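Peer 1: mind folding the following:
(one chain, ligands or ions: 1)
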Amino acid sequence: MMKLTLTLRPYEKQAALRKLCEKRLHAPVRYFRILKKSLDARDKSDIKWVYSVECSSRNEEIPKPVYTQIVAPMPKVYIAGAGPAGLFCALRLLFHGIRPIVVERGRPVERRAEDVAAFQRTGVLDPSSNVQFGEGGAGAFSDGKLNTQTNSPLNREILDLFVRFGAPEEVGYLGKPHVGSSNLRKVVANIRAYILEQGGEVRFGTALTDYEVKNGKLTAVFLNGVREEADALVLAVGHSARDTFEVLLGKGMRMEQKEFAAGVRIEHLQAAIGKAQYGAGYAALPPADYKLVSHAAERSVFSFCMCPGGVVIPSASEEGGVVTNGMSEFARDGVNANAALVVQVKREDFGSDHPLAGVAFQRKMERAAFAAAGGGYRAPVQLVGDFLVGKESYYFGEVRPTYARGTAFAPVEAYLPPALTESLRTGILDMNGKLEGFAAYDAVLTGVESRTSSPVRILRGDDLQAAGIAGVYPCGEGCGYAGGIMSAAADGIRVAYAIAQKYF
Ligand SMILES: Cc1cc2nc3c(=O)[nH]c(=O)nc-3n(C[C@H](O)[C@H](O)[C@H](O)COP(=O)(O)OP(=O)(O)OC[C@H]3O[C@@H](n4cnc5c(N)ncnc54)[C@H](O)[C@@H]3O)c2cc1C
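Peer 2: Now for the predicted structure:
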């Protein structure tokens, strides 16, 4: 087997790679696999795709992972939440021979898509089925970007599972893999079908409302108020399960405040981002993205969850609050580019030592944004040029906001605290030096980007069980152990392994 690094020009077809391999092998190719593909655009006059491939003149077998099976009687494992953490936890438990019961407060992903569309059309919010809640979790209506800052050995397994359950094959090898919202929903439905086929359970419209502990050990869960005996409970409830956090805190679960980031969504024309990143030939290349950080202000400002050719999506899960996020379909062919542009929030901003003070801080910004835009889940918008000089906006330029519930002009100061707005101003100007046109007068700022990560952490030990409660496993983003689809899925797998290990 030979490992090679090969390059292709943007106009060359991927099929040319096999020919290049044959040249190097001096023999016909029988085994060929792309391991990685990324775009090298550092030199705008010499943009190229760089591939890492393995090839051989023999038929090679890709080794399949082997999972240890449990030997003891089947434990009753409940997973609260069918987001990436809960779903990948369920898959890994099944691989070890444990059939979990997944409980999800929201609806199946197909029904949920209808609820999300109805909210965008009518402004009537279903607090248990929306962009944050329902099968697939917060990630289901996302761009499905599967890049991660973590270098977890589990990343390979997760990407392979995405492809196995219906994501495009390139997700397995692209440097910046992206599933797209439509494909992501298909993957989620396929994972559910697999869980059911393998003897697991998935219950929708079923919320974890309480749990029972005797002698420091979990004995039962309460689902929509009804008691069921349990050996283990995985808390994969996501960062927006504010009512669940209150129940857990009330039961004495050890929880602490966690800092996060907050700000706005910024929208530009996708063509402007393409020209700035790739130069004149941008149209022949994939829609350009960016990732920016500025340390010019007192607080760091950074872009996050950049969605090329995407839209800003209304992401509220609580009545009377406006929340933004971003998504795109697989083609990324929308007119605008959007990204979260956020500032580090510090504990001192919360104004209290209460473990859930960060939730109250988020809620305050979300309600202020709702009020600033005049209700109906319209979002407040301001042009970058006006924001930078402290003026109100009255008309749009070339960039039109994509937020589907409609917008109203209102200054960023109406919903973000001064420490955040000041840093945001300095950060935007600094970023303009790194990406031409970032501070374009008519770029649009839409608020408020408040749910970037969890405002709490539920403490757990090295065995991944909640501090002082055997059998309860805080997991994923909501409990403070992940920040994105990949890291949430990886944490789900880690928790599954910790549970299974007890029964090997
Ligand atoms: C619009 C949008 C776009 C995003 N884009 C990306 C992206 O491109 N790439 C990326 O990496 N990340 C993205 N994210 C973030 C990503 O979706 C989250 O980091 C990830 O989903 C967290 O996974 P999780 O399983 O920990 O929690 P979640 O996905 O939040 O899942 C938690 C689940 O628990 C359920 N639940 C809550 N309380 C209870 C209860 N008491 N009982 C039963 N069920 C309960 C919820 O309904 C939900 O389905 C995006 C988020 C949003 C909102």
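Peer 1: report pLDDT for Met1.
Peer 2: pLDDT, Met1: 89.
Peer 1: so which residues make contact with the host helix or strand of Thr446?
Peer 2: Assessed by DSSP states H and E, Thr446 sits inside strand 444-449. Applying Cβ atoms under 8 Å, 6 or more residues apart in numbering, the set of residues contacting strand 444-449 from outside is 262-267, 312, 322-325, 340-342, 365-366, 368-369, 372, 379-384, 387, 396, 399-401, 403, 407, 412, 415-416. For glycine as for every other residue, the C-beta is placed from the backbone atoms N, C-alpha and C.
Peer 1: and Val234, bridged to which residues?
Peer 2: Note on Val234: beta-bridge partners by DSSP bridges are Ile79, Tyr473.
Peer 1: Ile101 contacts Thr206, doesn't it?
Peer 2: No. Using Cβ atoms under 8 Å, Ile101 is not in contact with Thr206, being 9.3 Å away.
Peer 1: what about whatever helix or strand comes next after the strand holding Thr446 and the ligand, any contact?
Peer 2: Downstream of strand 444-449, the first helix or strand assigned by DSSP H and E is strand 456-458. No. Strand 456-458 lies out of reach of the ligand by Cβ under 6 Å from any ligand atom, never closer than 11.9 Å.
Peer 1: quick check: mean pLDDT of strand 456-458?
Peer 2: Here the average pLDDT along strand 456-458 is 98.
Peer 1: off-centre distance for it?
Peer 2: 18 Å (Cα atoms, centre = their mean, to the nearest Å).
Peer 1: with stretch 190-210 instead?
Peer 2: On Cα atoms, centre = their mean, the centre of stretch 190-210 falls 21 Å from the chain's centre.
Peer 1: list the buried residues in it.
Peer 2: Within stretch 190-210, the residues that qualify as buried are Ile191, Arg192, Tyr194, Ile195, Gly200, Val202, Phe204, Thr206, Ala207, Leu208, Thr209, Asp210, counting by 16 or more other Cβ atoms under 10 Å.
Peer 1: just the terminal-to-terminal distance for it.
Peer 2: Using Cα to Cα, to the nearest Å, the end-to-end distance of stretch 190-210 comes out at 29 Å.
Peer 1: what does stretch 478-490 give?
Peer 2: Stretch 478-490: ends 14 Å apart by Cα to Cα.
Peer 1: which residues sit in contact with the residue nearest to Ala414 when sequence neighbours are not counted?
Peer 2: Of all residues not flanking Ala414 in the chain, Ala372 sits nearest, at 3.9 Å (Cβ to Cβ, 6 or more residues apart in numbering). Ala372 sits next to Pro380, Ala408, Ala410, Pro411, Ala414, Tyr415, Gly447 when contact means Cβ under 8 Å, 6+ apart.
Peer 1: can you narrow the buried residues of stretch 190-210 to ones near the ligand?
Peer 2: Checking the buried residues of stretch 190-210 against the ligand (Cβ under 6 Å from any ligand atom), the matches are Ala207, Leu208.
Peer 1: ok now the strand holding Thr446, how far from the chain's centre?
Peer 2: Strand 444-449 sits 18 Å away from the centroid of its parent chain (Cα atoms, centre = their mean).
Peer 1: quick check: Asn439 vs Ala280, distance?
Peer 2: No, residue 439 isn't Asn; it's Ala. Distance of Ala439 to Ala280, given as Cβ to Cβ, to the nearest Å: 22 Å.
Peer 1: again with Leu17
Peer 2: From Leu17 to Ala280 the distance is 27 Å (Cβ to Cβ).
Peer 1: the two: which has the busier surroundings?
Peer 2: Shown here are Leu17 and Ala280; by other Cβ atoms under 10 Å, Leu17 has more neighbours (22 against 9).
Peer 1: how about the more buried one, secondary structure?
Peer 2: helix (DSSP: H, G, I helix; E, B strand; the rest coil).
Peer 1: mind listing what it touches?
Peer 2: Leu6, Leu8, Phe32, Ile34, Tyr51, Val53.
Peer 1: just the buried ones from these?
Peer 2: By 16+ other Cβ under 10 Å, the contacts of Leu17 give Leu6, Leu8, Ile34, Tyr51, Val53 as buried.
Peer 1: so which of those belong to strands?
Peer 2: Using DSSP state E, the members of the buried ones among the contacts of Leu17 that fall within strands are Leu6, Leu8, Ile34, Tyr51, Val53.
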